[in-house]
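> mind looking at a prediction? Sequence and model below.
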Amino acid sequence: MSKNATSAPIEKENNLGVSIVLFVIMMVLFLGAIYSLSFLSLGNPWPMAVCLGLFALAFWIPQTIFGRSDSAGES
């Protein structure tokens, strides 16, 4: 039998200061992606590549590295 998920403590829990710092870093990545679009033109595709890369990092890092991947069985 599997153990009860409610009795196990959450292992990856950050305090408020760490959560705020992580939020600010990810928001800077996201706003940098938006800012890079101001340099976009038909002759220069690199700002779009930078935008996609920064947005992907701002989305991927919190979900995979800082997220909890073992929460499928929780209610």
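Great, that's in hand. Numbers count the residues shown, from 1 in each chain.
> can you map out the helices along the protein?
16-36, 46-60 (DSSP state H).
> not counting sequence-adjacent ones, nearest residue to the residue positioned nearest the centre of the chain?
By Cα atoms, centre = their mean, the chain has its centre lying nearest to Pro62, at 2.7 Å. Using Cβ to Cβ, 6 or more residues apart in numbering and skipping the chain neighbours, the partner closest in space to Pro62 is Met26 (5.7 Å). Using the backbone N, CA and C atoms, a C-beta is placed for each residue, glycine as well.
> quick one: contacts for the one you found?
58, 61-62 (Cβ atoms under 8 Å, 6 or more residues apart in numbering).
> mind redoing it with 10 Å?
57-59, 61-62, 66 (Cβ atoms under 10 Å, 6 or more residues apart in numbering).
> neighbour-wise, give me the winner out of the residues you listed.
Ala58 (18 neighbours; other Cβ atoms under 10 Å).
> thinking that one is in contact with Phe66, fair?
No: using Cβ atoms under 10 Å, Ala58 makes no contact with Phe66, being 11.8 Å away.
> what's around Asn15, how many residues?
With other Cβ under 10 Å as criterion, Asn15 counts 7.
> next, the distance between the ends of stretch 32-49.
One end of stretch 32-49 sits 12 Å from the other (Cα to Cα, to the nearest Å).
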